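Trainee: one predicted model, sequence on top.
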4 protein chains.
Amino acid sequence: MKKIKVAIVGLGRMGKAYAKNLHYKIPDVDLVAACSINKEELAFAKNELGLTNTFSDYDQMLKKVELDAVFVISSTDMHAEHIIKGLKAGLHVFSEKPLAITYKACKKVEAVAAKYPNQLAVVGFVRRFDPSYRYAKNKVDSGAIGTPYLVRSQTVDKDTIAEWQIQYVTKSGGIFHDFNVHDIDLARWFLGSEMKTVWSVGGAYKYPAFTDAGDADNVMTTCVFENNTMAVINASRTAMQGHDTYTEVVGTHGTLRIGRPAAMNRVEIYDQHGIRQECVETFWDRFQEAFLLMAEDFVDCILTGRQPELKLSDATQATKAATAFTKSFKEEKLVKV
Amino acid sequence: MKKIKVAIVGLGRMGKAYAKNLHYKIPDVDLVAACSINKEELAFAKNELGLTNTFSDYDQMLKKVELDAVFVISSTDMHAEHIIKGLKAGLHVFSEKPLAITYKACKKVEAVAAKYPNQLAVVGFVRRFDPSYRYAKNKVDSGAIGTPYLVRSQTVDKDTIAEWQIQYVTKSGGIFHDFNVHDIDLARWFLGSEMKTVWSVGGAYKYPAFTDAGDADNVMTTCVFENNTMAVINASRTAMQGHDTYTEVVGTHGTLRIGRPAAMNRVEIYDQHGIRQECVETFWDRFQEAFLLMAEDFVDCILTGRQPELKLSDATQATKAATAFTKSFKEEKLVKV
Amino acid sequence: MKKIKVAIVGLGRMGKAYAKNLHYKIPDVDLVAACSINKEELAFAKNELGLTNTFSDYDQMLKKVELDAVFVISSTDMHAEHIIKGLKAGLHVFSEKPLAITYKACKKVEAVAAKYPNQLAVVGFVRRFDPSYRYAKNKVDSGAIGTPYLVRSQTVDKDTIAEWQIQYVTKSGGIFHDFNVHDIDLARWFLGSEMKTVWSVGGAYKYPAFTDAGDADNVMTTCVFENNTMAVINASRTAMQGHDTYTEVVGTHGTLRIGRPAAMNRVEIYDQHGIRQECVETFWDRFQEAFLLMAEDFVDCILTGRQPELKLSDATQATKAATAFTKSFKEEKLVKV
Amino acid sequence: MKKIKVAIVGLGRMGKAYAKNLHYKIPDVDLVAACSINKEELAFAKNELGLTNTFSDYDQMLKKVELDAVFVISSTDMHAEHIIKGLKAGLHVFSEKPLAITYKACKKVEAVAAKYPNQLAVVGFVRRFDPSYRYAKNKVDSGAIGTPYLVRSQTVDKDTIAEWQIQYVTKSGGIFHDFNVHDIDLARWFLGSEMKTVWSVGGAYKYPAFTDAGDADNVMTTCVFENNTMAVINASRTAMQGHDTYTEVVGTHGTLRIGRPAAMNRVEIYDQHGIRQECVETFWDRFQEAFLLMAEDFVDCILTGRQPELKLSDATQATKAATAFTKSFKEEKLVKV
């Protein structure tokens, strides 16, 4: 069986996770090269993955190594550039979300990708690949809950990393781009329409430093869609219980709730605190299976010629909406997307 | 032990329920008179409660019967008038919510009540008396979840009565006044602040006739409070599972969810549908204990001279906010409360 | 409306609770007399309930006060004698469980009761009156789970009172009579048959003093019924989470679980312990509504002439089985009931 | 990195699942040969796994192919023979449970294995590798629930395959060997002791044909252990809700419940049936992750020289107990293990 030759750029926390999936868990993939500007990350590639082709220069990697595809897991501000260069080098490109934090940058990538119609360019919205989300989508598509008209969706982190995130928000685009881009994609997916008007509110209720950084620790956005359906989207950096991400789809004939409780496993504890379940700590704990399924799906599309469900335009729409959220939050008014 | 003499006006579905509580379940009360413009309702008072003093004219009842208090459970549009007349007759007055559907009418009642400082005038927000809501409030007040900054609250009816409600919405003031006035009161209660700006969205997703009646079957409102905290408030007439009312209070150090699942009882069913709990059918099934506790609390305030927690101004604020919700929904814009 | 005149004997923890229900919550009852050998308990009757007829001698009370019924809430070892004297005095008698801790004593009461066919003699198995248990019984009777063939039932106390109970076990008959008599009654109720063979095991796993007292802190009994169905019945004095009583009825076409989780209320807590519900502390917290419904049902049977569902023979069978459990536990062998 | 060369014998439903795990999901393994007496199964090996070395004769496979290890997934009655031959051929051997259905056959395998101390011989009790069970075991070992004294454990199949199983029970050893061998292993694991006395009861409540086959569709066993702790172990072929396997470990300071609800995924459905979760259909749906982790653990033991936690004697003890269960059930009496 032919294996596809893959490189990765970016080996931070997420990059390492992707690299291990590509190296150990997807038999159809040969992870042959890695690029990072960080020495510790390159050492990981050499020592733990046994890669001999490691680069600190992305252009050099694309030039020197024979590749079929590249995974762009670099920092958010580099995604667009790395995707474009990958496409120009003749590769299929998978990128972590978001595509970019400006609409303009997204459209630029779309324009380049349009010139390479035989190469895949996919931004990964991982929740679409989670088995529970997938199951819910199939239920909705089969008419099990009638016509969906309301989505509630939240991305909620355990507050263990809130303080560490303060320095990170300037690069990530802020809480709407970094957290809610997932919820935006899901609301569009379930409601089958584009956002028309949004109102975002929130604040730095626990860590005032987020206000100083022009961001927030908790936000909420109400959205009306072109088909008059609605969504409410929350993000939080300060949950005590764990990574408590969930989505609820309300239809005329039923409701689906996906992801609650955010239980760590199938163990219930009965003790002096009552009856309880412990929660997943991080989004990785919650979605690690989906990350693998997402990479497998990308590889399968390359091998079989199947078109991926996710289009670049999905990523562009998500960025457009997150930008509108940010504007609404900062200017304290309704914003047209 | 002295018993207080009580009359009731209005013996519809809710009035009958109040009357039975007053008659059978509160030993400190003598239910001595009832008033209704409806013959079937007066027949109920005579035949089922054994009341001899029944009236079709409210003024006559107040004039002819010696009373300590009156319960106003008439239709929403009569609340204000019935409260004012009761006060002027020297009685303590308990009224079902809402106080009135205009701010002006509320302020008028407040002005009258101010002249009778020794008589109680209370509008019943029943959820404050539900043991689970009370327990949550005590937890919040004790600091168990830190500082609350977000309330999610919904009033959701099983869709069995949606069609019947269409003709009723003109009298009730619409879905915001009829459903969300409770959620507004709870959000104010938990967040300790007044609403500043609101945005209401929604539509008639299942029963288009609500649009024709100037109302909706599902709505959602986002609110920002003067202390910069936030709330999202939903109402639905179309749930399949049952009366699914709940409230979530999110704080800097924990979250409380009150009322979910809306289980009918402590029975779980394992069968071909999976593992499931059936839900309460109506708000009465869910809150019947709270309705009794609320009436007992009012009676206890009369007997002991204790001041009730609920002020008339709470009812006025709720109406003011519900009016702003309605305006925002109709004019499709942000509204200052 | 005629009220029935009621006396109570025994005003300990449970007796006080019964007395308050009879006095404040059942309009058809006049609680007119109380008897106790304990001064503090009589003071409660005088000062808190305002009773003028208080006695330290049961015979005197029966002789001097005009009564319709008596509630026997005295210590277990006095139940049989108090019931018999009540019947002989011409009264309807309600007794707390168990009827007695020997089969012989039960049969003696049955024999006396047989001579007074127009007087009710009922031993209260409170769980049959709990709305969730009642709902489950109706489901089973309607065929919702096919033919029941397995009951799992447990009576589990929070360990806060375990040490206090050590001195109490000699009077109560031990853990099988005191705890499992309820589960025995429920298993008979749901399976519609009598126990044939039992095996009881257990020990004093947390409080060795129970072994010294000839008892245990945790026990488990397997039962085969005459119709070849089966039950497993547990008791525990040592739970950390709360009073965690539940019953599961397994049938050929479905299963019902009654009572789990033993949640205190409808509040879920999200905090550093995960997602949790606090539990009811005591059986009273769990079954207080059922205790009231049970007393109301007894009063209603008196007023309407309706026969109660519970027969004295139900109590005799429960004692017979609990005695067999005890024998099996002590002799470490299978026992025929 | 060196890969180990592995063969598999038996490619039925479970064998295929093992083979796919070995072939696609464990990078350290080269699945090089397969053996089956069934043509369809060999065709699967050739066509779907691309194996060239396929055999209908186990001896031939061991003789002709260079191997490091063999996976024995043949029918229960062949396990012992296939394990012994594998050991004699110098291989590490993994076998599906049970080791054998007689104590004597187990001891014979143990005796052979003792002669090959440098080769692994492991019988897979898959639940020990399930992350939730593992998490619970770690909690217990850390003292989180004090001293465990009661295990409740059940293996419950959805009744979709009950009728198909009737013909299968003669080969499998019956419901105690086929279902409860897992629960026996878990009870020993959590309680740290061997069973002393057992009583098994049950019957064919839904499918009388099991009685004719000398088996049952629902059984329950009570066990006392040498350290005086206890267990109750159930098996059912007739659940409506799904594969509902779970285990509860009760200790002096807390309780852990593993596996309930047996939810298929993280989706809750709100509809006319109430609020519900659908369940896993089969044990494979529930434990597929654990089957992979179990195979990976075996491979890792081979590669690293680490000793597996599971000993052959664990499998022998499980068989010994299941045999005692069967005897107790058939002879209707207490049995010493």
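Mentor: Cool, got the structure.

Trainee: secondary structure of A:Val70: a strand, I assume?
Mentor: Yes - checked against DSSP: H, G, I helix; E, B strand; the rest coil, A:Val70 lies within a strand.

Trainee: that one bridge partners, please.
Mentor: According to DSSP bridges, A:Ala7, A:Val93 are recorded as the beta-bridge partners of A:Val70.

Trainee: thought it was touching A:Ile84?
Mentor: No - contact status for A:Val70 versus A:Ile84: not in contact, 11.4 Å apart, counting by Cβ atoms under 8 Å. Backbone N, C-alpha and C define where each C-beta goes, glycine included.

Trainee: three-state assignment of A:Glu40?
Mentor: Using three-state DSSP as the criterion, the local structure at A:Glu40 reads helix.

Trainee: ok, A:Arg266 - contacts?
Mentor: A:Arg266 makes contacts with D:132, D:258-260, as judged by Cβ atoms under 8 Å, 6 or more residues apart in numbering or on different chains.

Trainee: okay, strands next: where are they in the stretch 1-150 of chain A?
Mentor: Per DSSP state E, counting those that start in this stretch, the stretch 1-150 of chain A has strands spanning A:4-9, A:29-35, A:53-55, A:69-72, A:92-96, A:121-124, A:148-158. These are given in chain order.

Trainee: reformat those strands as JSON lines; add mean pLDDT and distance to B:Ala114.
Mentor: Formatted as JSON lines, those follow (pLDDT from 0 to 100; distance: least, Cβ to Cβ, whole Å):
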{"stretch": "strand A:4-9", "mean pLDDT": "97", "distance to B:Ala114": "72"}
{"stretch": "strand A:29-35", "mean pLDDT": "96", "distance to B:Ala114": "75"}
{"stretch": "strand A:53-55", "mean pLDDT": "97", "distance to B:Ala114": "79"}
{"stretch": "strand A:69-72", "mean pLDDT": "98", "distance to B:Ala114": "68"}
{"stretch": "strand A:92-96", "mean pLDDT": "98", "distance to B:Ala114": "63"}
{"stretch": "strand A:121-124", "mean pLDDT": "96", "distance to B:Ala114": "62"}
{"stretch": "strand A:148-158", "mean pLDDT": "97", "distance to B:Ala114": "42"}
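
Trainee: adding distance to B:Glu332, write these out as CSV.
Mentor: CSV is the format used below for those (distance: least, Cβ to Cβ, whole Å):
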stretch, distance to B:Glu332
strand A:4-9, 45
strand A:29-35, 50
strand A:53-55, 54
strand A:69-72, 40
strand A:92-96, 37
strand A:121-124, 32
strand A:148-158, 17
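
Trainee: want to throw those into JSON lines with distance to C:Glu110 and mean neighbour count?
Mentor: Formatted as JSON lines, the strands of the stretch 1-150 of chain A follow (distance: least, Cβ to Cβ, whole Å; neighbours: other Cβ atoms under 10 Å in any protein chain shown):
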{"stretch": "strand A:4-9", "distance to C:Glu110": "82", "mean neighbour count": "24"}
{"stretch": "strand A:29-35", "distance to C:Glu110": "79", "mean neighbour count": "24"}
{"stretch": "strand A:53-55", "distance to C:Glu110": "89", "mean neighbour count": "19"}
{"stretch": "strand A:69-72", "distance to C:Glu110": "81", "mean neighbour count": "26"}
{"stretch": "strand A:92-96", "distance to C:Glu110": "77", "mean neighbour count": "25"}
{"stretch": "strand A:121-124", "distance to C:Glu110": "75", "mean neighbour count": "26"}
{"stretch": "strand A:148-158", "distance to C:Glu110": "60", "mean neighbour count": "24"}
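
Trainee: nearest to chain B among the contacts of A:Arg266?
Mentor: Proximity to chain B was ranked across the contacts of A:Arg266 by Cβ to the nearest Cβ; first place goes to D:Arg260, at 8.4 Å.

Trainee: beta partners for the residue nearest to the closest one when sequence neighbours are not counted?
Mentor: For D:Arg260, the nearest residue in space outside its immediate sequence neighbours is D:Tyr246; the separation is 4.5 Å by Cβ to Cβ, 6 or more residues apart in numbering or on different chains. The partner list for D:Tyr246 in beta bridges (DSSP bridges) reads D:Gln154.

Trainee: output the set of residues of chain A in proximity to chain B.
Mentor: A:146-147, A:149-150, A:199, A:201-203, A:205-206, A:218, A:220, A:222, A:224, A:228-230, A:232, A:234, A:236, A:238-241, A:250, A:252-255, A:333-334 (Cβ under 8 Å from any Cβ of the partner chain).

Trainee: just the buried ones among those, please.
Mentor: With neighbours counted using 16 or more other Cβ atoms under 10 Å in any protein chain shown, the residues of chain A next to chain B contain these buried positions: A:146, A:149-150, A:199, A:201-203, A:205-206, A:218, A:220, A:222, A:224, A:229-230, A:232, A:234, A:236, A:238-241, A:250, A:252-255, A:334.

Trainee: of the residues you listed, which are in range of chain C?
Mentor: With Cβ under 8 Å from any Cβ as the criterion, the subset of those in contact with chain C comprises A:239-241.

Trainee: quick check, A:Tyr24 in contact with D:Asp28.
Mentor: No - the pair A:Tyr24 and D:Asp28 does not pass the contact test of Cβ under 8 Å, sitting 9.5 Å apart.

Trainee: quick one: the residue of the stretch 51-200 of chain A found nearest chain D and A:Leu256, what's the gap?
Mentor: Ranked by Cβ to the nearest Cβ, the top residue of the stretch 51-200 of chain A for proximity to chain D is A:Ser132, at 3.9 Å. According to Cβ to Cβ, to the nearest Å, A:Ser132 and A:Leu256 sit 9 Å apart.

Trainee: tell me which parts of chain A are close to chain C?
Mentor: If contact is defined as Cβ under 8 Å from any Cβ, the residues of chain A in contact with chain C are A:239-242, A:244, A:261-264, A:269-279.

Trainee: what about A:Gln317, which SS state?
Mentor: Secondary structure of A:Gln317, per three-state DSSP, is helix.

Trainee: list the contacts for it?
Mentor: With contacts defined as Cβ under 8 Å, 6+ apart, A:Gln317 is in contact with A:184, A:188, A:194.

Trainee: same check, this time on A:Thr255
Mentor: When contacts are counted by Cβ under 8 Å, 6+ apart, A:Thr255 is found next to A:145, A:248-249, B:239-241, D:269-271.
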